[in-house]
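K.L.:
Fold the following, please.
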Amino acid sequence: MEENFINPQHNKDKDEEALNKAREMLIDGKTDKEIKEETGLRPKAVGRIQKEITKHF
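P.N.:
The predicted structure follows:
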């Protein structure tokens, strides 16, 4: 069996790590541009996180 495949769990963990980092940065008051540069997330994803956070307040 060939084992040269992409581990989907690894990518999911990386994405979750970026989302958590973006959440922290939004709470700390960082700008969308700073978050994009740090995490590599698209503005659309950052917007979703922002909506999620504002629901709780």
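K.L.:
Now do the same contact list for the residue lying closest to Gly40 once chain neighbours are set aside.
P.N.:
Spatial nearest neighbour of Gly40, excluding adjacent residues (C-beta to C-beta, 6 or more residues apart in numbering): Ala18 at 6.4 Å. From N, CA and C alone the C-beta is placed, and that goes for glycine too. Taking C-beta atoms under 8 Å, 6 or more residues apart in numbering, we find Ala18 in contact with Thr39, Gly40, Leu41.
K.L.:
if I look at Ala18, how far off is Glu52?
P.N.:
Going from Ala18 to Glu52 by C-beta to C-beta, to the nearest Å gives 15 Å.
K.L.:
which SS state does Gly29 fall under?
P.N.:
coil (DSSP: H, G, I helix; E, B strand; the rest coil).
K.L.:
Ramachandran angles for it?
P.N.:
The phi/psi pair for Gly29 (degrees, to the nearest 10) reads phi 90, psi 20.
K.L.:
do Lys30 as well
P.N.:
phi -70, psi 150.
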